[in-house]
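S.K.: Sequence and predicted model, in that order:
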Amino acid sequence: MKIRAAVLEQMGKPVPYSVSKPLIIEELELDEPEQDEVLVKMWYVGLCHSDLSVINGSRPRPTPMVLGHEAVGQVLQIGPGVDNVSVGDMVSCIFVPGCGQCEGCRIGRPTTCIPGAEANKRGVLLCGKTHLFRTGRGTDRQPVYHMGGTSGFATHAVLSKHSVVKVDQGIPPEYAALLGCGVITGVGAVTNSAKVSFGSSVAIVGLGGVGVCALLGAKACGAGQIVAVDLDPRKLAKAKELGATHTFLVHKDDPISKTVETIRSQLGGISRGGVDYALEMAGSGPALQIAYGITKPGGTTVTIGLPDPAVHLDIQQVSITAEERTLIGSYLGSGVATRDLPRYVDLYKKGSLPLEKLVSGIIPFREINQGFDMLEKGEVIRVLVNLKDEK
Ligand SMILES: [Zn+2]
Ligand SMILES: [Zn+2]
């Protein structure tokens, strides 16, 4: 079928994106869903820093590619073998497809799925193929790659059945869109990875969309102190509004040791000497060093951001041993989407996860480049593209 999609042809175009236009909306051909695949009409898709990292080239991916991975839509058609969703269901897209067969999947850790990671790296679906093509350029069809097995910046998408989870219609679709990236990653980092305990202290370094979801998760878990750390005072103001008990503005040019000392010296009460859990959400080396530096001995530092592959750790090794520290990675919130998403929807319905506070605006498809300018400037937490009425 013919669809319209925002195609990234070339990474690394300069800002402002409203001028350089890295994403061009064009007509593509989308193949029918095959075995274990579904066709989804996209409704709302969030603009996330992981998309931005591909646009600016810090996370290289094959091009031309259709980005967009924080998405919600409706199932229009199912291929043979699809047993987890039906036509008409509202589904959230999950950007790490767990194949269900490999060891990671079998032991209940689908975020470590090897075939899923391999497919994502190659820009194909779990079946090993792309279903998106450019036509009209001679007889050959030119493949267009998928991001995270989703490619949500489009009117329609074909996904593996392992990339979609049915979502209760009780949550408005514009908020359900956040479930598949910000919420599952941020809240999951707190609950599944750090396993934050009631009354403990939690620091969040980097208050973008995922960081704010972690803050909401820490609050829902009953954290006693929630410390927000960011370079942008607007993000800290928002964090305060959403429940941060302490906020710290980082000055980019300050040495990391000075930043760490300043934060540690100003923490008191249960955070004296550092926090129990520090979550790095910015995808940068300095952010992880700050998070590690403000974690107390015996505490846990979790890294969630996705830095440039060239970034390596710079951490004092002996402190891990002598201070019995734990440093862990958390991808997609170490989540099991079919288990976690219904829980998060219930928390939303009870008011414990006020996702409506994360949506800074909803823009039409044609303004997608301007939306990335807003994200790049840090003006917004989450901007959603409305694709519901796009034919
Ligand atoms: Zn994302
Ligand atoms: Zn697997």
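M.R.: Structure's in. What do you need? Numbers count the residues shown, from 1 in each chain. Ligands and ions are numbered 1, 2, ... in the order given.

S.K.: I figured G100 hits H162, correct?
M.R.: Yes. G100 is within contact range of H162, at 6.3 Å (criterion: C-beta atoms under 8 Å). Using the backbone N, CA and C atoms, a C-beta is placed for each residue, glycine as well.

S.K.: what is in contact with the two at once?
M.R.: Common neighbours of G100 and H162, counting by C-beta atoms under 8 Å, 6 or more residues apart in numbering, are P110.

S.K.: So for the two, which residue has more residues nearby?
M.R.: Higher neighbour count among G100 and H162: H162, with 25 against 16, using other C-beta atoms under 10 Å.

S.K.: I'd guess the more buried one is in a helix, am I close?
M.R.: Yes. Under DSSP: H, G, I helix; E, B strand; the rest coil, H162 sits within a helix.

S.K.: What's the per-residue pLDDT of it here?
M.R.: Predicted confidence (pLDDT) for H162: 97.

S.K.: Could you pull out the strands in the stretch 151-300 of the chain for me?
M.R.: Per DSSP state E, counting those that start in this stretch, the stretch 151-300 of the chain carries strands over the ranges 156-160, 164-166, 201-205, 225-230, 246-249, 275-280, 295-303.

S.K.: Tabulate those in a markdown table, adding columns for distance to ligand 1.
M.R.: Output for those, formatted as a markdown table (distance: least, C-beta to the ion, whole Å):
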| stretch | distance to ligand 1 |
| --- | --- |
| strand 156-160 | 16 |
| strand 164-166 | 16 |
| strand 201-205 | 16 |
| strand 225-230 | 18 |
| strand 246-249 | 24 |
| strand 275-280 | 16 |
| strand 295-303 | 15 |
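
S.K.: Export those strands as CSV, with columns for mean neighbour count and distance to G335.
M.R.: Formatted as CSV, those follow (neighbours: other C-beta atoms under 10 Å; distance: least, C-beta to C-beta, whole Å):
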stretch, mean neighbour count, distance to G335
strand 156-160, 27, 17
strand 164-166, 24, 10
strand 201-205, 31, 18
strand 225-230, 26, 21
strand 246-249, 18, 27
strand 275-280, 28, 15
strand 295-303, 21, 13
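
S.K.: Can you check the pLDDT for H131?
M.R.: 97.

S.K.: In terms of residue numbering, what are the domains of the protein?
M.R.: 2-180+354-386, 186-331 (automatic domain parsing).

S.K.: Give me the contact status of the longest one with ligand 2.
M.R.: What it means is domain 2-180+354-386. Yes. Contact of domain 2-180+354-386 with ligand 2 (C-beta under 5 Å from the ion) involves G98, C99, C102, C105, C113.

S.K.: farthest-separated two in the residues you listed?
M.R.: The span of the residues of domain 2-180+354-386 next to ligand 2, defined through C-beta to C-beta, is set by G98 and C102 at 8.2 Å.

S.K.: Which one's more surrounded, the two?
M.R.: Counted by other C-beta under 10 Å, G98 and C102 do not tie: G98 has more neighbours, with 26 against 17.

S.K.: Which neighbouring residues are in contact with that one, exactly?
M.R.: G98 makes contact with G104, C105, P110, T111, C113, G116, H162 under the criterion C-beta under 8 Å, 6+ apart.

S.K.: most surrounded residue in those?
M.R.: Neighbour counts for these (other C-beta under 10 Å) peak at G116, which has 27 neighbours.

S.K.: That residue contacts F95, correct?
M.R.: No. Using C-beta under 8 Å, G116 makes no contact with F95, being 9.3 Å away.

S.K.: Which neighbours do those two have in common?
M.R.: Common neighbours of G116 and F95 are listed as G149 (criterion: C-beta under 8 Å, 6+ apart).

S.K.: could you pull out the helices for the stretch 151-300 of the chain?
M.R.: 173-176, 182-188, 209-220, 233-242, 256-266, 285-293 (DSSP state H, counting those that start in this stretch).

S.K.: can those helices go into a markdown table with extra columns for mean neighbour count and distance to V345?
M.R.: Formatted as a markdown table, the helices of the stretch 151-300 of the chain follow (neighbours: other C-beta under 10 Å; distance: least, C-beta to C-beta, whole Å):
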| stretch | mean neighbour count | distance to V345 |
| --- | --- | --- |
| helix 173-176 | 22 | 8 |
| helix 182-188 | 29 | 9 |
| helix 209-220 | 28 | 13 |
| helix 233-242 | 17 | 19 |
| helix 256-266 | 15 | 35 |
| helix 285-293 | 24 | 29 |
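
S.K.: Turn the ones you listed into CSV, columns for distance to L279.
M.R.: As requested, the helices of the stretch 151-300 of the chain are exported to CSV (distance: least, C-beta to C-beta, whole Å):
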stretch, distance to L279
helix 173-176, 22
helix 182-188, 8
helix 209-220, 5
helix 233-242, 13
helix 256-266, 14
helix 285-293, 7
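
S.K.: Tell me which of these sits nearest to V227.
M.R.: Set against V227 and scored by C-beta to C-beta, the helices of the stretch 151-300 of the chain come closest in helix 256-266, at 7.5 Å.

S.K.: By proximity to ligand 2, which residue of the stretch 151-300 of the chain wins?
M.R.: H162 (8.3 Å; C-beta to the ion).

S.K.: Correct me if wrong: that residue contacts P97.
M.R.: Yes. Counting by C-beta under 8 Å, H162 touches P97, with 4.2 Å between them.

S.K.: Would you mind listing the residues touching both of those two?
M.R.: Residues touching both H162 and P97 by C-beta under 8 Å, 6+ apart: G116, L126.

S.K.: How about the residues of the chain by ligand 1?
M.R.: Contacts of the chain with ligand 1, taken as C-beta under 5 Å from the ion, map to C48, S50, C181.

S.K.: Low-confidence regions, the chain specifically.
M.R.: Applying pLDDT under 70 to the chain flags the ranges 137-139.

S.K.: centroid residue for it?
M.R.: Among the residues of the chain, the one closest to the centroid is C181, at 3.5 Å (C-alpha atoms, centre = their mean).
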